[in-house]
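Student: Below are the sequence and a predicted model for it; my questions follow.
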Amino acid sequence: MASSAELSQFLEGVERRAFKQSVYAVRDDEAALDIVQDAMIKLAERYGDKPAAELPMLFQRILQNTINDHFRRQKVRSTWTVLFSSLSTGEDNEEFDFLESLESEPGSAKAESAADQVERAQTMALIEEEIAKLPARQREAFLLRYWEDLDVAETATAMGCSEGSVKTHCSRATHALAHALRAKGIKI
Amino acid sequence: MKMRRHTALEAGLEDRFAGRIRHVLDESARKLPAERVHQLELARKMALRAQRSDHPVAQWATGPVIATVGGTASEGSRFARFGISTALVVLAAAGLIGIFQVERQRHIDELAEIDSAMLTDDIPISAYADHGFNAFLKEHK
């Protein structure tokens, strides 16, 4: 059973990412905050007696369900994600080469100028915008695998789908992001 | 074999790309406004209280509930009031039972006194069952 200290440590480590994930999904800071709060309380009330090692997967499952509950209550669907999913489904990305999206970092480490900082902030905002535009399941799989560090099996459990679906969603999300960022001239 | 190697290569590139995206996301999370960080901290503390509320022993040690989440009375004083009320009810019930027992014993003692008087009297017991004798006693009382 996770102790209060272990639960506290876990929540403190995950709360910012959970908030950002919720913002990408619902595009409303206040609603995202409510979602994270609800998910934390549900985790503590219903699964506070589970081992600490299970908390990450459980919390992600609860968070995604809480996000879905939000949509059901609001009865709002993002037209962007619907349009984007209809564009990407069945498309071949054979001509897209991953190597083109991986530009090597120029030069050695230098102190960032104010202009560099502004550009960096803008790049960050554009990347976050593209993540928010991903179809919900692709975004979910991508963030759980690459940001929350869940393995394929854990991600599948959190998403309630097969491991094969997780790999497919991740692959499509990665391709879509790389393609969109390259189209905007963003090099990361 | 070629296809498998290509897939492995692509998987490696996917991981590298995702790693760079992750770096950007981490930076974005670190740069959350102070107000949001504070709100998340409050939400975390509320969740931890929810975990502790499932354990009554731990609840005694939590102390006053923060007013911002709607609580106005301390959990400790609420428990004390409940305990005092329960104790009063138990005492009242014990008192009623005691009074009942005393009255019952007094009634038993009265009956025993009458019985012993009847048994030690010169008049035979069967005489008390005679309605004519009872009428005689009433006339000459």
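Tutor: Thanks, I have the structure now.
Student: burial count for the closest residue to residue B:32 other than its chain neighbours?
Tutor: In space, and not counting its chain neighbours, residue B:32 is closest to residue A:16: 5.7 Å by CB to CB, 6 or more residues apart in numbering or on different chains. Yep, even glycine has a C-beta here, placed from its N, CA and C like the rest. Residue A:16 is flanked by 19 other residues according to other CB atoms under 10 Å in any protein chain shown.
Student: Helix, strand or coil: sort out residue A:16 for me.
Tutor: helix (DSSP: H, G, I helix; E, B strand; the rest coil).
Student: so it sits right up against residue B:27, yeah?
Tutor: No. Using CB atoms under 8 Å, residue A:16 is not in contact with residue B:27; the gap is 11.2 Å.
Student: in chain B, which spans are helices?
Tutor: B:2-30, B:34-52, B:56-59, B:75-120, B:131-139 (DSSP state H).
Student: Under the pLDDT cut-off, which ranges of chain B? List them.
Tutor: B:1-6, B:53-79, B:118-119, B:121-130, B:133-134, B:137, B:140-141 (pLDDT under 70).
Student: Up against chain A, what does it have?
Tutor: B:10, B:13-14, B:16-25, B:27-30, B:32, B:36-37, B:39-41, B:43-44, B:46-48, B:50-52, B:54, B:58 (CB under 8 Å from any CB of the partner chain).
Student: Apply 7 Å and report the result again.
Tutor: B:10, B:13-14, B:16-18, B:20-22, B:24-25, B:27-29, B:32, B:36, B:39-40, B:43-44, B:46-48, B:50-52, B:54 (CB under 7 Å from any CB of the partner chain).
Student: Return the members of those classed as buried.
Tutor: Neighbour counting by 16 or more other CB atoms under 10 Å in any protein chain shown classes B:13-14, B:17-18, B:20-22, B:24-25, B:28-29, B:32, B:36, B:39-40, B:43-44, B:46-48, B:50-52 among these as buried.
Student: so where is chain A shaky, pLDDT-wise?
Tutor: Short version for chain A, where the test is pLDDT under 70: A:75-112, A:188.
Student: For it, which segments count as helices?
Tutor: Going by DSSP H, chain A shows helices at A:4-26, A:29-47, A:55-74, A:79-88, A:98-101, A:114-133, A:136-146, A:152-159, A:163-183.
Student: quick one, which of those helices is packed in tightest?
Tutor: Compared across the helices of chain A, helix A:136-146 shows the largest average neighbour count, a mean of 24 (mean count of other CB atoms under 10 Å in any protein chain shown).
Student: Can you check what angle separates it from helix A:152-159?
Tutor: 140 degrees (axes from the mean of the first three to the mean of the last three CA atoms, to 10 degrees).
Student: Next, see if helix A:136-146 gets close to chain B.
Tutor: Yes. For helix A:136-146, a contact with chain B is found by CB under 7 Å from any CB, at residue A:146.
Student: can you list contacts of that helix?
Tutor: By CB atoms under 7 Å, 6 or more residues apart in numbering or on different chains, the residues outside helix A:136-146 that reach it are A:21, A:24-25, A:60, A:64, A:81, A:131, A:134, A:150, A:155, A:158-159, A:166, A:169-170, A:172-174, A:176, B:18, B:21-22.
Student: For residue A:35, list the residues it contacts.
Tutor: Counted by CB under 7 Å, 6+ apart, residue A:35 has contacts A:22, A:26, A:66, A:67, A:70.
Student: And it, how far from residue A:28?
Tutor: According to CB to CB, to the nearest Å, residue A:35 stands 9 Å off from residue A:28.
Student: Which positions in chain A make contact with chain B?
Tutor: Counting by CB under 7 Å from any CB, chain A sits next to chain B at A:4, A:7-8, A:11-12, A:15-17, A:19-20, A:33, A:36-37, A:40-41, A:43-45, A:48, A:98, A:101-102, A:124, A:127-128, A:146-147, A:171, A:174, A:177-178, A:188.
Student: quick one on the thing from earlier: of the contacts of residue A:35, closest to residue B:86?
Tutor: residue A:66 (39.4 Å; CB to CB).
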